[in-house]
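>>> Okay, structure incoming, though there's no sequence with it:
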């Protein structure tokens with residue numbers, strides 16, 4: 001398997017993951033108040049949305065890279 005075909009396989013897997021998981025959320029913690037007697041922390045969510053067109057584009061690009069990267073036989 002050539003290097004280009006391996007990259008194509010990786011892109012293909014990333015495209016499948018992007019189609020399977022359209023959004024993911026992560027949280028950050030920030031210090032709102034810091035006094036000698038009490039501390040207040042605030043946890044804020046951040047959501048990343050992946051467009052289905054991105055996943056479909058990655059799938060197509062992965063297939064193209066795998067076809068271009070295949071070894072040529074006479």
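Nice, I can see it. Keep in mind the model is a prediction, meaning the values are calculated, not measured.
>>> mind checking the SS state of residue 29?
Reducing the assignment to helix, strand or coil with DSSP: H, G, I helix; E, B strand; the rest coil, the entry for residue 29 is strand.
>>> for residue 15, same thing?
Going by three-state DSSP: residue 15 is helix.
>>> And the pLDDT for it?
The per-residue pLDDT reported for residue 15 equals 92.
>>> What helix or strand is the residue lying closest to it once chain neighbours are set aside located in?
Nearest residue to residue 15 in three dimensions, chain neighbours excluded: residue 58, at 3.0 Å (C-beta to C-beta, 6 or more residues apart in numbering). Yep, even glycine has a C-beta here, placed from its N, CA and C like the rest. Applying DSSP states H and E as the criterion places residue 58 in helix 52-68.
>>> Need the contact partners of that helix.
The contact list for helix 52-68, computed with C-beta atoms under 8 Å, 6 or more residues apart in numbering, reads 4-5, 7-19, 22.
>>> Repeat the analysis, applying 7 Å as the threshold.
Taking C-beta atoms under 7 Å, 6 or more residues apart in numbering as the criterion, the residues outside helix 52-68 that touch it are 4-5, 7-9, 11-12, 14-16, 18-19, 22.
>>> And for stretch 31-44?
Contacts for stretch 31-44 (C-beta under 7 Å, 6+ apart): 27-30.
>>> how far does it sit from the chain's center?
Distance, stretch centre to chain centre, for stretch 31-44: 32 Å (C-alpha atoms, centre = their mean, to the nearest Å).
>>> Adding neighbour count and secondary structure, write the contacts of helix 52-68 out as a markdown table.
A markdown table is the format used below for these (neighbours: other C-beta atoms under 10 Å; DSSP: H, G, I helix; E, B strand; the rest coil):
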| residue | neighbour count | secondary structure |
| --- | --- | --- |
| 4 | 14 | helix |
| 5 | 17 | helix |
| 7 | 15 | helix |
| 8 | 22 | helix |
| 9 | 16 | helix |
| 11 | 20 | helix |
| 12 | 19 | helix |
| 14 | 16 | helix |
| 15 | 20 | helix |
| 16 | 14 | helix |
| 18 | 19 | helix |
| 19 | 15 | helix |
| 22 | 13 | coil |
